[in-house]
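> With the sequence up front, the predicted model follows.
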Amino acid sequence: MKHKSTNFETKCIHAGISDYEFGSVIPPIYQTSTFKFESAEHGANLFAGKQKGYIYTRMTNPTVEALEDCVAELEGGYKALGCASGMAAINTVFAAMLKAGDHVVCSSIVYGPTTTLLSTIMAGFGVETTFVDTSDIEAVKSSMRPNTKMLYVETPANPTLTITDLKAASEIAHSSGAKLVVDNTFLSPALQRPFEFGADVVLHSMTKFLNGHADVVAGIVIVKDEETYKHFRKVLNQLGGVIDPFNSFLVHRGIKTLYLRMKKHCENAQIVAEYLEKHPLVKWVSFPGLKSHPQYELAQKQQDGPGGVISFEVEGGYEAGERMMNSLTLCQLAVSLGGIETLIQHPASMTHASMGKEARMAAGISEGLVRLSVGIENPKDIITCLETALEESRKTIDAPAV
Ligand SMILES: *Cc1c(COP(=O)(O)O)cnc(C)c1O
């Protein structure tokens, strides 16, 4: 009988299916679009759901299922649905849970395209959304309506790293007859498992920490019971945004080191955040592992670590930030996060440019805010790079006005 460990690092290696064909230790890549039936009767039974098996890769594929079962176990859910991207996962959740006339309460700071999806495409389908600062639980409570079907939360939020109390959020959602959906991309199940706090659906962009190697775009949705799973599976099959076998294999491979990577991301980010906080050219630093973070206590309670993402502001605003990013020697100027390499970007001109300045200001995303996804390099090298770049940014401040 299989020994089920409750230790996360063991789960990263053994979660999900353990028996593959030919005694293969690692899930084989079933790079096939379709599966042969043994007979006409066999095919009919598979379609009727009377027999378990594979029909067509958009419906399920053994390599994809191996990954899905692994992530479902890591999150403490029932089953998962592998998607082509994080956005495909979010679209699947919205299509499966919402219809015209429904209302959504969503964090005012979520992944940019999620905001746009709700305020354009979903609005066009007759779904109304109220964006609210979900770290303010009273504000969440007063935004709920009789037709609110979903409370959608990202915590820590990107890029301000404000934290939403998941237990309080789930209690509000449930007392209003709504479901709590959590985008858990920023921490991964290694550091936060929203089901433990009452979430109903958890989703990820696996492009980030779960895969962790900046070489795959993928997403996943995790649900808690069979009925929801069957409904979501039908919806995903109709929408069609499934992950493919090869990407599933890569993400599954990445997950084997999830525990190790997250541990190092947290350690490095803590060292870098403490360094930045003391730097005279840095105005402020937001990182859940710093005592100066307004929700430090909540982070300690809800998260198993601070995560690997830091945001901070350089003295000298937009120009100083720009100059800093043009002076990097190790950190790479790129969007995305959660990979083994340190990435840096400027939300006001990049990931959050489409929000517009007014909405950014309202959400606390200042013009000089810089987002840093701390990789697993030696932290001294990351600091050397930041030190040089910050010194360069000083030239903007020191330069005489012309
Ligand atoms: C990147 C990201 C997404 C979207 O994922 P893709 O894989 O790029 O589609 C969604 N949510 C969060 C928090 C993200 O960081």
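Yep, that arrived. Predicted model only: the values in this text are computed from it and were never measured. Numbers count the residues shown, from 1 in each chain.

> Pull up the residues of the stretch 1-150 of the chain that are close to the ligand.
Neighbours of the ligand within the stretch 1-150 of the chain, by C-beta under 6 Å from any ligand atom: Ser85, Gly86, Met87, Tyr111. For the C-beta atoms, the positions are set from N, CA and C on the backbone; glycine is no exception.

> And the buried ones among those, selectable in PyMOL?
To isolate the buried members of these in PyMOL, using 16 or more other C-beta atoms under 10 Å:
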select buried, resi 85+86+87+111
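
> CSV for the residues of the stretch 1-150 of the chain next to the ligand, including secondary structure?
Compiled in CSV, those are given as follows (DSSP: H, G, I helix; E, B strand; the rest coil):
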residue, secondary structure
Ser85, coil
Gly86, helix
Met87, helix
Tyr111, coil
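
> Now render the residues of the stretch 1-150 of the chain next to the ligand as JSON lines, adding distance to Ser292 and pLDDT.
As requested, these are exported to JSON lines (distance: C-beta to C-beta, whole Å; pLDDT from 0 to 100):
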{"residue": "Ser85", "distance to Ser292": "35", "pLDDT": "98"}
{"residue": "Gly86", "distance to Ser292": "30", "pLDDT": "98"}
{"residue": "Met87", "distance to Ser292": "33", "pLDDT": "98"}
{"residue": "Tyr111", "distance to Ser292": "25", "pLDDT": "90"}
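
> where do the strands sit along the chain?
Remark: strands assigned in the chain by DSSP state E are 79-83, 103-107, 128-132, 148-154, 179-183, 201-205, 219-223, 282-286, 309-314, 332-333, 343-345, 369-373.

> Name the nearest residue to whichever residue of the chain sits closest to the ligand, sequence neighbours excluded.
The nearest approach of the chain to the ligand comes at Gly86, 2.2 Å away (C-beta to the nearest ligand atom). Leaving out its chain neighbours, the residue that sits closest to Gly86 by C-beta to C-beta, 6 or more residues apart in numbering is Ser205, at 2.6 Å.

> Distance of that neighbour relative to Arg360?
According to C-beta to C-beta, to the nearest Å, Ser205 and Arg360 sit 21 Å apart.

> Just want to know which of those two has more residues nearby.
Higher neighbour count among Ser205 and Arg360: Ser205, with 27 against 18, using other C-beta atoms under 10 Å.

> Now do the contacts for the more buried one.
Counting by C-beta atoms under 8 Å, 6 or more residues apart in numbering, Ser205 touches Ser85, Gly86, Met87, Ala89, Tyr111, Asp183, Thr185, Ala218, Gly219.

> Residue ranges in the protein under the pLDDT threshold?
Along the chain, the model assigns pLDDT under 70 to residues 1-2, 396-402.

> care to break it down by domain?
The record, using automatic domain parsing to delimit domains, assigns the chain the ranges 8-30+61-255, 258-398.

> what about the longest one, how long is it end to end?
With C-alpha to C-alpha, to the nearest Å applied, domain 8-30+61-255 spans 11 Å between its terminal residues.

> separation between the residue lying closest to Val223 once chain neighbours are set aside and Ala96?
Nearest non-adjacent residue to Val223, counting by C-beta to C-beta, 6+ apart: Tyr229, 5.0 Å away. For Tyr229, the distance to Ala96 equals 10 Å [C-beta to C-beta].

> Before I go, just wanted to say thanks for your time.
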